[in-house]
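Engineer: Sharing a model prediction with you, sequence too.
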Amino acid sequence: MRYGNIPNPLGIEERFELPSCHAVRALLLQCKFEHEAARNVNNGFLGPAPWACTKEICLIAHLLAHNWPVKASHSICYAIVLAIAGTGCKKATPQQPARPDVLLRWHFAGTAQLSADTNAAWFQTIAALPASSEFKQEFVLKLARGPFQFLRYRIAGATNDYAELLAPLFADLISAESCGELRAVTNQPSEFALAVRLADERTLTWQTNLATVLRAWTGCQPAPLAGSGRIGWELKKHHAPNLIRFEQVGTWAIFGWAHDAPQLLDEYAAHIRAHGRPPLLNHKTNPEPFLHLHIDWPKAQLQAEQQLGVKLPLALPKLELTATSQNAELLVTAKLALPQPLKWAPVPWQIPTNTIREPLISFTACRGVAPLLQKINMLGELGLTPPPDQIYLWALQDIPFQTFVAVPVPNATNIIRQTESVLKERLGPIIQARALGELGPDPEATGGLIWRGLPFIGPYILPINEPTGEFLLFGLFPNTPVTNPPPPELYAQFIERPQIAYYDWEITHVRFQQLWNLCQLIRLIADIPQLNTQTAMWKWLDSVSTNLGNTATHITVDNPHQISLVRRSQLGLTAVELVAFANWFDSDGFPMCGLALPPHASTSTQTRRNTNAQTRR
């Protein structure tokens, strides 16, 4: 697989005489007698038999509904009859509780199972690397700082992140089988359950460490679970969600939270007692995926806004993702249900075939992107109006900085002139202040624009003409003089498939090294510290990248409401995603990077005094 070939009420018709007040009194007496009879029938239950008073009440309701000319005294009598109808003369339908929405649900087999899976050769190769073990230790320790970072505005007076106690738990979440669920009813606090399959000694670590951390962060004391034979504890606090629980059921550790009634936690425990394992997602593929993830982003965003006051600027789609081992490859599939219909049509591809040359190490093509680009105001200022609807990106093997982008546009030369004017106005003072060269016309290319004076690279924009139309070509380094075209098999991966909106192929280990060097150069130019190459993270990335070959990604538009993604690789990530991960991991705020829950709504001094330490959480 070089380029990643992926297979594809009662109606009353009679008229009645208007009853008098005496008639209404008779109806009331009849209702009373029938109500008493119904109470006897129901063994004292305060409610009628379903047949009680139905005909008479329907008659009165019919008269009132048709605005009969009645006296005030009559109206009062009729209102009394109708009040009886609503409070006991006819059996009321019980109100069903609101059904909670599943915001998040997942099942993960765990890396321990992957290590023994004969179909997971891709993972076993990576896990056997000496750098993998060292990186896992560094990764879980830094990841364990996340809960404190996320909750810091709700942990009054506590400054300990307890990463050393939480790190072993995160390590278990990587190696052991787990599943979990987050759900909520609109305008109510969410409830969460996590089940992890653990040996007894690991379960005891979870029970002890979580109790220690939560006691310190909430100021509340976990209490042993009530009930014979139950193992675990429960913590009750003031703010929603007001209940946190840990329980061992069989070989599973269950942890989560709820508000008042722990329905989801009880469901998980009951299912394990009955079936030996928690309720898992249904898999309909063979082999079974080792990871299945469901996220209802639209409902999750609504819940976050209603309960936390956090509003995301971007409407995200509902996501269904699976990851499956296929011997030497990892297959990732995803379906995205869009919150709004997608305005997309399969317009013909306009590939700049004369400019794309071998030796390629990556190639990307996408179309139907104009609606997305239209939201970037800067493009309009640069003269890209309307914005381009297709983008092509490729990289060559010979020189690290030979990465190119081409977009089809009309009047490319005019756009470049307007771009030059805007960039000089915006970037000129910065370039001059930091002695980063200068922007100006490209003396070697008619109509071109180049940024000269930078180390190693010379970013430029050129107008080019192709059989498929006029293009803007962006580059960092001159193109190769060789004109060998790529093999037809590359373009065949997408041009004959009308639903394809995005195709990407790369030789990941080569592309990663290129992008790493480019990232470090950009950091140098921007006066940002270099990524640390002495960490376990870098050593792992450097080591694992040599085991990564072809990675191919297809994105299709199935219908206006759904997009599908399929990726074949040896790790599940592309080179640019690995470099992005390195930048994230190396940041001071990893993993939350400033993302945190806002403080609780202000509480009066008297309330704080009455609730004492519980108001801290």
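Structural biologist: Thanks, I have the structure now.

Engineer: Any regions of the stretch 201-350 of the chain where pLDDT drops low?
Structural biologist: 281-286 (pLDDT under 70).

Engineer: Likewise for the chain?
Structural biologist: 1-2, 5-96, 281-286, 601-617.

Engineer: same thing but at 80, please
Structural biologist: 1-98, 156-158, 280-287, 482, 600-617 (pLDDT under 80).

Engineer: Nearest residue to His107 in space, please, no chain neighbours.
Structural biologist: Once flanking residues are discounted, His107 sits nearest to Cys179: 4.2 Å by C-beta to C-beta, 6 or more residues apart in numbering. The C-beta positions use only the backbone N, C-alpha and C, and glycine is treated the same way.

Engineer: In three-state terms, label that neighbour for me.
Structural biologist: Three-state assignment for Cys179 (DSSP: H, G, I helix; E, B strand; the rest coil): strand.

Engineer: Let me see the contact set for the closest residue to Val310 other than its chain neighbours.
Structural biologist: With sequence-adjacent residues excluded and distances taken as C-beta to C-beta, 6+ apart, Val310 is closest to Ala304, at 4.6 Å. For Ala304, the contact set (C-beta atoms under 8 Å, 6 or more residues apart in numbering) comprises Val310, Lys311, Leu312.

Engineer: most neighbours, which of those?
Structural biologist: Neighbour tally across the contacts of Ala304 (other C-beta atoms under 10 Å): the maximum, 14 neighbours, falls on Val310.

Engineer: Find the helix or strand that that residue is a member of.
Structural biologist: Counting by DSSP states H and E, there is no helix or strand that carries Val310.

Engineer: again, but for His294
Structural biologist: Using DSSP H and E, His294 falls in strand 291-296.

Engineer: Please apply the same query to Thr203.
Structural biologist: Counting by DSSP H and E, Thr203 is part of helix 200-218.

Engineer: Now that helix: buried residues?
Structural biologist: Using 16 or more other C-beta atoms under 10 Å as the test for burial, helix 200-218 gives Arg202, Thr203, Thr205, Trp206, Gln207, Asn209, Leu210, Ala211, Val213, Leu214, Trp217, Thr218.

Engineer: Could you list every helix and strand that that helix packs against?
Structural biologist: helix 163-175, strand 231-236, strand 243-249, strand 252-258 (3 or more C-beta pairs under 8 Å, 6 or more residues apart in numbering; DSSP states H and E).

Engineer: Mean neighbour count and distance to Pro400 added to the ones you listed, as CSV?
Structural biologist: Formatted as CSV, the helices and strands packed on helix 200-218 follow (neighbours: other C-beta atoms under 10 Å; distance: least, C-beta to C-beta, whole Å):
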stretch, mean neighbour count, distance to Pro400
helix 163-175, 18, 33
strand 231-236, 18, 54
strand 243-249, 22, 51
strand 252-258, 24, 47
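
Engineer: got TSV for these, with distance to Ala128 too?
Structural biologist: Compiled in TSV, these are given as follows (distance: least, C-beta to C-beta, whole Å):
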stretch	distance to Ala128
helix 163-175	15
strand 231-236	37
strand 243-249	33
strand 252-258	29
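
Engineer: Those: which one's closest to Arg434?
Structural biologist: For the helices and strands packed on helix 200-218, the distance to Arg434 is smallest for helix 163-175, at 38.1 Å, taking C-beta to C-beta.

Engineer: Could you figure out how far that closest one is turned away from helix 200-218?
Structural biologist: If you take axes from the mean of the first three to the mean of the last three C-alpha atoms, to 10 degrees, helix 163-175 sits at 130 degrees to helix 200-218.

Engineer: who touches helix 163-175?
Structural biologist: By C-beta under 8 Å, 6+ apart, helix 163-175 touches 108, 110-112, 136, 140-145, 147-148, 196, 198, 202, 205-206, 209-210, 212-213.

Engineer: hang on, isn't Asp558 packed against Leu565?
Structural biologist: No - applying C-beta atoms under 8 Å, one finds Asp558 not in contact with Leu565, separated by 10.8 Å.

Engineer: quick one: which of the two has more around it?
Structural biologist: Taking other C-beta under 10 Å, Asp558 and Leu565 do not tie; Leu565 has more neighbours (16 against 12).
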